[in-house]
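Undergrad: Just the structure for this:
(one chain, ligands or ions: 1)
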Amino acid sequence: MVDMSREQRKLDHIRYALELGDGPLTNGLENVHFLHNCLPELAPADIDITTTLSGIKLSVPFLVNAITGGTDNVTEINRKLAQTAAAAGAAIAVGSQYGAVKTQTNYRSFEIVRETYPEGVVFANISALATPAEAQQAVDMLSANALQIHLNPAQELVMPEGDRDFKGLLANMRRILEHVSVPVIVKETGCGMAAEQIRRLLALGFTCFDVGGAGGTNFPAIEAKRFAATGTDLAGWGLATAPSLIEAAAVCGKNDTIVASGGLRDGLASAKALALGADAVGMSGNILRCIMEDGVEVAQQELLEIITDLRLLMLLTGSRDLKALRKTPLYFTGALREFLLCRGHDPIRLSAVRRN
Ligand code: FNR
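TA: Below is the predicted model of the structure:
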C-alpha cells in the first residue's frame, strides 16, 4: 500500500526546510568564544580529528544527519546525501523509516544509502513509538551501524493529526534499546535537550545523545507552514544547541557519546560544538540545501571545507586532538552566560574544561 499523505509529507518537509531556512532562534554559539593561541607549536599534520561514537570509530567527527526516505521521489536525494558523506568519510543517518517498516513499502529509498556507501557508518532512524521488532527491521534494512530514535513533541503538537499523548515513550524506548543489535542514539530534531531528560535516559541505560538543538532547521515552523489553518506557533520554542550541549556535557560520563546538531553550518560552529564536549557534529539543512540548489559536487566540497576549517581552528587553539579541544580556553557572553548562571553551570570552570 502506498501512503500518499506520507509521501507528500516527506516532500513538503524538504520544500519548506529550504524555503524557511534556519531560525528564528540562533544556535547560541555566537556567545561561545575561543581564545587565539599565537604559539600553537603544532603543524597541520599533527592534528588528529578522529573520534568514537558509541564505540564506532570515525575518521572525521561529522555526520550527515537524518533527512529523508520513504518515497521513491527521494531515492536520488538519498543517493546524493550518501555520496556527500562518502567523499568526506563522514557518517550518515537516513530519515525516519517508521512509515516504511509499518507498511513494508519504499525500502529502496533507504537501501540506496548503504548501496552507495557500502563501507560507511550508516545510522537507521525510527520513531520512539516503534515496536522493538520494527526498530530491528529498520536496522536490518541498512545493515546499520547504530539506530537513532527521534523525539519531536513540539513538531507533533503543531500538526493537526500529530501525536498528543507522549506517555509511555520512555518505557517503549527502553524495550527498543534492550532488543536491537546495535548502539542506540536518542535524538531531538531541533528543539534541544536539557540535563533533566538526559539524566532520565542515562538512568535507563541510554549512552548516546544527539542534542538536536534549536537554531537550525525548525520543524514547528515547517509544520505551521504546512498547516497554516491551525494557527499554532511554536517557531520560537526550544533550547538552542549551545546550552543543550553544555547540559549534556554536565551529566554525561566519559564513556557516553554526545552528538551536536541544530544549525551547525561551518567550521567555526563545529569547532565550538566539539570544544563544548561533543564527540561529533551532525548537519542536515545546509547539506540538503547544497544538494538541491547547487548539486552533489558542491555539497561534497562544502563538507570538505568545513573539515579543513575545523583543522585550522584546532591549530589556532593549540589543540592536537578533540580531547585537547575540550580543554582549550573558552569564554561565554550574553544570553548564554545568563543561562549558565541560572542553571548552576560555573562559567569560570567551564572556561577551562567542559567534559570529563
Ligand atoms: C529532518 N530531520 C529528521 N530527523 C529525524 O530524526 N528523522 C527524520 O525523518 C527527519 N526528517 C528531516 C527532514 C528534513 C527535510 C530535514 C531538513 C531534517 C531533522 C534533522 O535530522 C536535524 O535533527 C535537524 O534538521 C536539525 O539539524 P540542522 O538541519 O539544523 O542541521
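
Undergrad: contacts and neighbour counts: CA atoms only from here.
TA: OK.

Undergrad: can you dump the C-alpha coordinates of stretch 10-19 into CSV?
TA: Included here for stretch 10-19 are C-alpha records, laid out as CSV according to Å, rounded to 0.1, in the frame of the first residue of the first chain:
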residue,chain,number,x,y,z
LYS,A,10,8.3,13.9,3.1
LEU,A,11,8.4,16.2,0.0
ASP,A,12,6.8,19.1,1.9
HIS,A,13,9.4,18.8,4.7
ILE,A,14,12.2,19.2,2.1
ARG,A,15,10.4,22.1,0.3
TYR,A,16,9.7,24.1,3.5
ALA,A,17,13.0,23.4,5.1
LEU,A,18,14.6,25.0,2.1
GLU,A,19,12.1,27.8,2.0
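
Undergrad: who's in contact with it?
TA: Residues outside stretch 10-19 that contact it (C-alpha atoms under 8 Å, 6 or more residues apart in numbering): 68-71, 74, 217-218, 222, 225-226, 285, 289.

Undergrad: What's the mean pLDDT across that stretch?
TA: Averaged over stretch 10-19, pLDDT sits at 97.

Undergrad: Spell out which residues of the stretch 101-250 of the chain are next to the ligand.
TA: Within the stretch 101-250 of the chain, the residues that sit near the ligand (C-alpha under 6 Å from any ligand atom) are 150, 189-190, 212, 216-217.

Undergrad: Also the stretch 251-356 of the chain?
TA: With C-alpha under 6 Å from any ligand atom as the criterion, the stretch 251-356 of the chain meets the ligand at residues 261-264, 283-285.

Undergrad: 8 Å instead?
TA: Those residues of the stretch 251-356 of the chain that sit near the ligand, judged by C-alpha under 8 Å from any ligand atom, are 261-265, 282-288.

Undergrad: Among the contacts of stretch 10-19, name the ones in helices.
TA: Within the contacts of stretch 10-19, residues falling in helices by DSSP state H are 222, 225-226, 285, 289.

Undergrad: top of these by neighbour count?
TA: I222 (25 neighbours; other C-alpha atoms under 10 Å).

Undergrad: which ones are touching that one?
TA: Remark: with contacts taken as C-alpha under 8 Å, 6+ apart, I222 is in contact with 13, 16-17, 20.

Undergrad: re the thing from before, out of the residues of the stretch 251-356 of the chain next to the ligand, who's the most crowded?
TA: Neighbour counts for those were taken using other C-alpha under 10 Å; the highest belongs to S261, which has 36 neighbours.

Undergrad: in the sheet, who's paired with that residue?
TA: Partner residues in beta bridges with S261, using DSSP bridges, are G282.

Undergrad: May I ask you to confirm that it is in contact with V211?
TA: Yes - because the distance of 6.3 Å satisfies C-alpha atoms under 8 Å, S261 is recorded as touching V211.

Undergrad: hmm, back to that, from the contacts of I222, which are also near the ligand?
TA: Residues shared between those and the neighbourhood of the ligand are 13, 16-17 [C-alpha under 8 Å from any ligand atom].

Undergrad: Filter the residues you listed down to the buried ones, PyMOL style.
TA: With 16 or more other C-alpha atoms under 10 Å as the criterion, this PyMOL line picks the buried residues out of the ones next to the ligand among the contacts of I222:
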select buried, resi 13+16+17
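
Undergrad: can I get the ones next to the ligand among the contacts of I222 in a markdown table with secondary structure?
TA: Written out in a markdown table, the entries for the ones next to the ligand among the contacts of I222 read as follows (DSSP: H, G, I helix; E, B strand; the rest coil):
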| residue | secondary structure |
| --- | --- |
| H13 | helix |
| Y16 | helix |
| A17 | helix |
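
Undergrad: Name the nearest of the ones next to the ligand among the contacts of I222 relative to A269.
TA: A17 (20.2 Å; C-alpha to C-alpha).

Undergrad: Quick check: that closest one vs L245, distance?
TA: Relative to L245, A17 is positioned 23 Å away (criterion: C-alpha to C-alpha, to the nearest Å).

Undergrad: Kindly report the same for L201.
TA: In this structure, L201 and L245 are 15 Å apart, going by C-alpha to C-alpha.

Undergrad: which one of the two has more residues nearby?
TA: The residue with more neighbours, out of L201 and L245 and counting by other C-alpha under 10 Å, is L245; that gives 31 against 18.

Undergrad: picking up where we left off before, what is in contact with S261 and V211 at once?
TA: By C-alpha under 8 Å, 6+ apart, S261 and V211 have these common neighbours: T241.

Undergrad: picking that back up, dump the residues of the stretch 101-250 of the chain next to the ligand to TSV, plus distance to Y331.
TA: As requested, these are exported to TSV (distance: C-alpha to C-alpha, whole Å):
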residue	distance to Y331
H150	32
T189	27
G190	25
G212	23
G216	23
T217	26
